[in-house]
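J.: Pasted the sequence and its predicted model underneath.
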Amino acid sequence: MANLNAPFGFSAVIYGTSGVNNQQQRVYYIPSTDTSAYYIGDVVKTIDGGDANGTPAIAKCASGDIPRGVVTSILISNPNNPSIQGTNLDLTTTSVPASKSQAYYLLVNDDPDQVYCIQGDSTTFATTDMNKNASYTVAAPSISNQQSATVLTGTTTSSTAVLKIVGIEPIPGNNLGPYVRFFVLFNNAELLRPSAGI
């Protein structure tokens, strides 16, 4: 049976060092001047700056950037400055628009040892792709309340590729071929040490 084409970006699954995976996240800040849309499962990097409380600023990664981590949640308000007014909050917020009227705060899984699941693209992946490196293509979903549509693209033996394939997700209906769901690690991440500052 053919694999389902239903991308979801990066989804945390297991911990890379075989330890307990607590999927702990950190709060990051997106300034209102940012012009990218963000979805759960997108990869982000840090940029120079932060908010008035020192929350680090982030930006959306391109496929060749060194990542800080993966977006796991969109916060509905500023966690450092809660309102004491009876403000209506939209609890259905699952994305950040490209055109922003305010700053946004996200939870990011920034553990460099995290293993993620990501869907492959339309390439006919085979057993020879196991343990290779790969890149990914950043894509937005068709509607704003979906998860990221980012997918793994092709494989390579190049040491500069951002992802390391560590297997495929062992679930029924996930077969080698187009749209297979891979387990991957980031080959390089901002919090791997030593790392350069911004």
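T.: Now that the structure is in, tell me what you want to look at.
J.: Could you export the helix or strand containing V70 as PDB, CA atoms only?
T.: Following DSSP states H and E, one finds V70 within strand 69-74. Listed next in PDB are the C-alpha coordinates belonging to strand 69-74 (Å, rounded to 0.1, in the frame of the first residue of the first chain):
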ATOM      1  CA  GLY A  69      15.100  23.700  17.500                       C
ATOM      2  CA  VAL A  70      11.600  22.900  16.400                       C
ATOM      3  CA  VAL A  71       8.400  24.800  17.200                       C
ATOM      4  CA  THR A  72       6.100  22.700  19.400                       C
ATOM      5  CA  SER A  73       3.500  25.300  20.400                       C
ATOM      6  CA  ILE A  74       2.300  28.900  19.800                       C
END
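J.: Tell me which residues touch S11, please.
T.: G41, Y116, C117, I118 (Cβ atoms under 8 Å, 6 or more residues apart in numbering). Glycine gets a C-beta too; all of them are placed from N, C-alpha and C.
J.: all strands of the protein, in order?
T.: 11-15, 26-30, 38-39, 43-50, 56-60, 69-74, 95-96, 104-109, 114-119, 133-137, 151-156, 163-168, 181-186 (DSSP state E).
J.: and the angle from the first one to strand 114-119?
T.: So that's strand 11-15. Angle of strand 11-15 versus strand 114-119, following axes from the mean of the first three to the mean of the last three Cα atoms, to 10 degrees, is 140 degrees.
J.: now the fourth one
T.: Between the axes of strand 43-50 and strand 114-119, defined by the same axes, to 10 degrees, the angle is 130 degrees.
J.: The last one now?
T.: Angle between the axes of strand 181-186 and strand 114-119 is 140 degrees (criterion: the same axes, to 10 degrees).
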